[in-house]
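Asks: Based on what follows, work out the 3D shape:
(chains A and B)
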There are 2 protein chains.
Amino acid sequence: MKVDLEAALERFLPRRGVPPALAAALRYTLFNAGKRFRPVLVLETCAALGGDLRQALPAACAVEYIHTYSLIHDDLPSMDDDALRRGKPSSHVKFGEAMAVLAGDALQAAAFGALARTPDGRLVPALLDALAEGSGAAGMCGGQALDLARRASLEEIHLKKTAALIACATRMGAIAAKSKRVKELTAYGRAVGLAFQAVDDILDAHERGRKNFAVLHGVEAARRYARRQVESARRAVAFLGKRGRRLMDIAESALARDK
Amino acid sequence: MKVDLEAALERFLPRRGVPPALAAALRYTLFNAGKRFRPVLVLETCAALGGDLRQALPAACAVEYIHTYSLIHDDLPSMDDDALRRGKPSSHVKFGEAMAVLAGDALQAAAFGALARTPDGRLVPALLDALAEGSGAAGMCGGQALDLARRASLEEIHLKKTAALIACATRMGAIAAKSKRVKELTAYGRAVGLAFQAVDDILDAHERGRKNFAVLHGVEAARRYARRQVESARRAVAFLGKRGRRLMDIAESALARDK
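Replies: Here you go, the predicted model:
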């Protein structure tokens, strides 16, 4: 990878005129040892398609800002009420609930603002459309709303809550590469996202009482399901041949991970 | 006005794949008798500059979605803890706190998504940059963070909390009109926003115990301040001559309003 993702995550944040307390709250969760799974997918997708990584870098940062804001809001007392995030106090524990709401809100604005920094401005409308759809009412936020109501199937919840943003990452990577294979890469991302969530459920199954895929259907069934999704992801990018090797590896890594 | 703002506010919302409970929560606050001050400013600015209103309509809806999400999040128990909004139960009272957080988050995504529907895609990067700045960490969210900490001057809080989004409305109107006078119209919007907030403070002074401009400096001083801002707004758009009449009227209306 020829771009510096961590430096870009800092660079695309708004700087001038940001109150220090808010700036601190934004960065606290953003730079807390995240694995950068989604932004790496944006960049690797763009690379596999032979695109210019500089066109993908703002979108890579954008998807990580969105993911981070969703973690901050998910941890709120009125949502999952998690006091810890990656072994440290969650945002609302550290900064208070009001500041955590604002930090999440500001990170979402920063995500969309980052897209405006894409060097080729002609890519911006399609990137913007992808990010708004993947993160909004029909995507990630919609998945969380389904999760609250518990009226939908688990697969439908996972599709929106987790897979929509991961599919958005690969979709944006393909858009940034000016590829005609946006659909295929979106399908790849969706399958990787479903595998990712199924493995999350297996890891979570013994930790919490919550109903999830592994609890409902058993750990073996969840593993088989995740494996099928990874196969589906591999088929979606088979057309890439050798150039798709990193994407194949990333799909496999969704299976073989710990928390 | 040749465009139908209310219809557009419905049309630019995401539709397919939105869980019904979330769709209901979004619309509840969005279609609750708002005065549409900000979107009207986008459209009137574009009209005064001789622009095509169809290029301004998505931005007009976007700024109203942002304003609406900020009301929903402001009313949360951890923020202002307001149980009523325009005489009806606030979003979190009606739908629960978690759904209110999600409705606000999804409306913010819808705001940015609406910009992608601007007919002339070349306008999108500048519109996106304006909306992200006006609503984000250096704008509206930053103002709310300052308000929490109470470490800044009231004018600094007002500049960010209220004036930044109103200035963003007129800035986007000027961008949509492809005008070279973006700075002047932004200055106009900022002054109108400061007048607007000073009048809000006068109206609020007797209702709540909170410190605000009118409580700190007296109602007469607040009126003089608001009047000065309106004069400053008029000067900023004086170059428009007769074409600026509606903008002059809107600036005046910021003074002579009730809640």
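Asks: Near chain B, which residues of the stretch 101-250 of chain A are found?
Replies: A:101-102, A:104-106, A:108-110, A:112-113, A:115-116, A:118, A:121-122, A:124-126, A:128-129, A:131-133, A:135-139, A:141-142, A:144-146, A:148-149, A:152, A:160 (Cβ under 8 Å from any Cβ of the partner chain). Bear in mind the C-beta positions are built from the backbone N, C-alpha and C, glycine included.
Asks: Buried ones among these?
Replies: A:101-102, A:104-106, A:108-110, A:112-113, A:115-116, A:118, A:121, A:124-126, A:128-129, A:131-133, A:135-139, A:141-142, A:144-146, A:148, A:152, A:160 (16 or more other Cβ atoms under 10 Å in any protein chain shown).
Asks: which is the next helix or strand following the helix or strand of chain A with the lowest mean pLDDT?
Replies: When each helix and strand of chain A is scored by mean pLDDT, DSSP states H and E, helix A:213-217 comes last, with a mean of 77. Using DSSP states H and E, the helix or strand that follows helix A:213-217 towards the C-terminus is helix A:219-236.
Asks: What residues sit buried inside that following helix?
Replies: Buried-residue list, helix A:219-236, by 16+ other Cβ under 10 Å: A:222, A:225-226, A:229-230, A:232-234, A:236.
Asks: same question for it, mean pLDDT?
Replies: For helix A:219-236, the mean per-residue pLDDT is 94.
Asks: Could I get the full set of helices for the stretch 151-259 of chain A?
Replies: Using DSSP state H, counting those that start in this stretch, the helices of the stretch 151-259 of chain A run over A:154-158, A:164-176, A:182-204, A:213-217, A:219-236, A:245-255.
Asks: most packed of those helices?
Replies: For these, the largest average neighbour count (mean count of other Cβ atoms under 10 Å in any protein chain shown) is found in helix A:164-176, namely a mean of 30.
Asks: thinking again about what came up before, what two of the buried residues of helix A:219-236 have the greatest distance between them?
Replies: Farthest-apart pair in the buried residues of helix A:219-236 is A:Ala222 and A:Ala236; separation 21.2 Å (Cβ to Cβ).
Asks: picking up where we left off before, could I get the helices of the stretch 151-259 of chain A in a markdown table, plus columns for distance to B:Leu194?
Replies: Shown next, in a markdown table, are these (distance: least, Cβ to Cβ, whole Å):
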| stretch | distance to B:Leu194 |
| --- | --- |
| helix A:154-158 | 45 |
| helix A:164-176 | 38 |
| helix A:182-204 | 45 |
| helix A:213-217 | 53 |
| helix A:219-236 | 53 |
| helix A:245-255 | 50 |
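Asks: Who are the contact partners of A:Gly121?
Replies: B:122, B:124-125 (Cβ atoms under 8 Å, 6 or more residues apart in numbering or on different chains).
Asks: To clarify, my last question referred to A:Ala100.
Replies: A:25, A:72-73, A:75-76, A:90-92.
Asks: And it, what's its pLDDT?
Replies: 98.
Asks: Quick one: work out the angle between the helix or strand in which it is found and helix B:97-115.
Replies: Take DSSP H and E as the rule and A:Ala100 turns out to sit in helix A:97-115. Helix A:97-115 runs at 20 degrees relative to helix B:97-115, counting by axes from the mean of the first three to the mean of the last three Cα atoms, to 10 degrees.
Asks: Put the alpha carbons of helix A:97-115 into CSV.
Replies: Extracted in CSV, the C-alpha atoms of helix A:97-115 (Å, rounded to 0.1, in the frame of the first residue of the first chain):
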residue,chain,number,x,y,z
GLU,A,97,-23.2,11.3,27.2
ALA,A,98,-23.9,14.6,25.6
MET,A,99,-20.3,15.0,24.3
ALA,A,100,-20.4,11.4,23.0
VAL,A,101,-23.6,12.1,21.0
LEU,A,102,-21.9,15.2,19.5
ALA,A,103,-18.6,13.4,18.8
GLY,A,104,-20.6,10.8,16.8
ASP,A,105,-22.6,13.4,15.0
ALA,A,106,-19.4,15.4,14.1
LEU,A,107,-17.6,12.3,12.9
GLN,A,108,-20.5,11.5,10.6
ALA,A,109,-20.2,15.1,9.1
ALA,A,110,-16.4,14.6,8.8
ALA,A,111,-17.0,11.4,6.9
PHE,A,112,-19.1,13.1,4.2
GLY,A,113,-16.8,16.1,4.2
ALA,A,114,-13.8,13.9,3.5
LEU,A,115,-15.4,12.7,0.3
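Asks: Show me the contacts of A:Gly121 that map onto helices.
Replies: Per DSSP state H, helices hold the following members of the contacts of A:Gly121: B:124-125.
Asks: follow-up on the earlier one: which residues does the least confident helix or strand of chain A contact?
Replies: Contacts of helix A:213-217 (Cβ under 8 Å, 6+ apart): A:154, A:158, A:197-198, A:201-202, A:204-205, A:221-222, A:225.
Asks: From those, which shows the smallest pLDDT?
Replies: Comparing the contacts of helix A:213-217 by pLDDT, A:Ala205 comes last, at 73.
Asks: Good, wrapping up.
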